[in-house]
Structures are given as C-alpha cells and as structure tokens.
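Enquirer: okay, here's the prediction I keep looking at, along with the sequence it came from:
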Amino acid sequence: MSSPLSSTSADQSIRDLYLGHHSWLLSRLQRRLNNRPDAEDLASETFTEIVAGPDLQAIREPRAYLTTIAKRLLFHFWRRRELEQAYLDRLARLPETLAPSPEERALLSEELAAIDRVLDGLPIQVKTAFLYSQLDGMGHQEIADLLGVSLKSVGRYLKQAMCHCYLAQAQLA
C-alpha cells in the first residue's frame, strides 16, 4: 500500500485522529446502543475502517466521516441483532428434542450473519422471498401469497437473489 505520507507521519495522523475523536465517538455510540461493550466494538471497527481507508490527509471533517462510517456499522449491527433474534425466537418454538445445542446455535448464527451479508443490497422483497424459499422451504405460491405478489414476481425475485449469491461467491473465489 503506497501512501504520500511517510510511515511515521501516517502513524501520527492515525494516532491524532484516534486521540482527538475516539472518546467522542464512543460516547455517541454508547448513547445509541445503551451498551458500552458493543459501543467499544463499533468504535474500534470504525477506526479500523479508517486505517484501511483513504489517505487520512484527505479527511476534511473527521467527525462527519466517523459518523458516516459508524452509522453504517450500526445499521449492520442492528440488522445482525434482528436476524439473531428472529432465529432464537424460531428455535424457542422447536420441541426440546429437536433444538440444536448451544454450539450448533452459535455456528448457525454465524452462518445466518454470513448469509445476510451476502444478501445485503438486495431489495427487501427479493431478500424475503429468497429466505422463505431457502430457509423455510416454501414454494413459489406460498411466497406469492405471503408477499402479496404474483408467481411471476416470485420467480424473478428468486432468480435475482440466486444471481446475486453466485456473483458474491465468485468474488470470494
């Protein structure tokens, strides 16, 4: 990675940015989350993205830039939480003999989060149709009825989601 700044100058810029804004960002995130450990994690992720991002000298409004990154990370955090909660609610409805072990639950939660990341960016109707099909085993007609759309729309949604998944997989390879 080449940078117009020398390594020590870049290190100092990062240190200055962190020291000048970390406590402000942490306080802001903590107010939004009402949970210090999660706020600390998100603040760390925010600064990690900045270190991996553009030239620090190009950042004219550090707090606005930090806020933008933190908001995106916060959105993903809430979506992950929502997904995990939906999964846990579903597990709670299973008979005890069919319920996965805590280790299996943790692995499944990670897999669901990975699926959610892959589907990120798809319209909500497309994502919902795909999840009904793949996770709930619903047929096209059931999905159409639930979403209030035509069978043809469900087919388009599923095709769009599958293409999206194939493209995401190809990028990882």
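Expert: Thanks, I have it.

Enquirer: kindly list the longest helix within this protein.
Expert: helix 62-92 (DSSP state H).

Enquirer: by contact count, what packs against that helix?
Expert: helix 7-33, helix 36-52, helix 102-119 (3 or more CB pairs under 8 Å, 6 or more residues apart in numbering; DSSP states H and E). Where you see a C-beta, it was placed from the backbone N, CA and C, and this is true even at glycine.

Enquirer: looking at these, which one is packed in the most?
Expert: Highest mean neighbour count of the helices and strands packed on helix 62-92: helix 36-52, a mean of 16 (counted as mean count of other CB atoms under 10 Å).

Enquirer: residues making contact with it?
Expert: The set of residues external to helix 36-52 that reach it, using CB atoms under 8 Å, 6 or more residues apart in numbering, is 14, 17-18, 22, 25-26, 29-30, 32-33, 56, 59, 65-66, 69-70, 73-74, 77.

Enquirer: so the longest helix of the chain versus helix 7-33, what angle?
Expert: 50 degrees (axes from the mean of the first three to the mean of the last three CA atoms, to 10 degrees).

Enquirer: tell me which element Leu94 is part of?
Expert: Counting by DSSP states H and E, Leu94 is held by no secondary-structure element, helix or strand.

Enquirer: ok, it - contacts?
Expert: If you count contacts by CB under 8 Å, 6+ apart, then Leu94 has nothing around it.

Enquirer: between the helices and strands packed on helix 62-92, which one is closest to Tyr157.
Expert: The closest of the helices and strands packed on helix 62-92 to Tyr157 is helix 102-119. By CB to CB, the value is 11.6 Å.

Enquirer: list the buried residues of the next helix or strand after that closest one.
Expert: Reading on from helix 102-119 to the C-terminus, the next helix or strand found by DSSP H and E is helix 124-135. Judged by neighbour count (16 or more other CB atoms under 10 Å), helix 124-135 contains these buried residues: 125-133.

Enquirer: what packs against the helix or strand that comes right after helix 124-135?
Expert: Heading C-terminal from helix 124-135, the first helix or strand you meet, by DSSP H and E, is helix 140-147. On a contact count with 3+ CB pairs under 8 Å, 6+ apart, helix 140-147 meets helix 124-135, helix 151-172.
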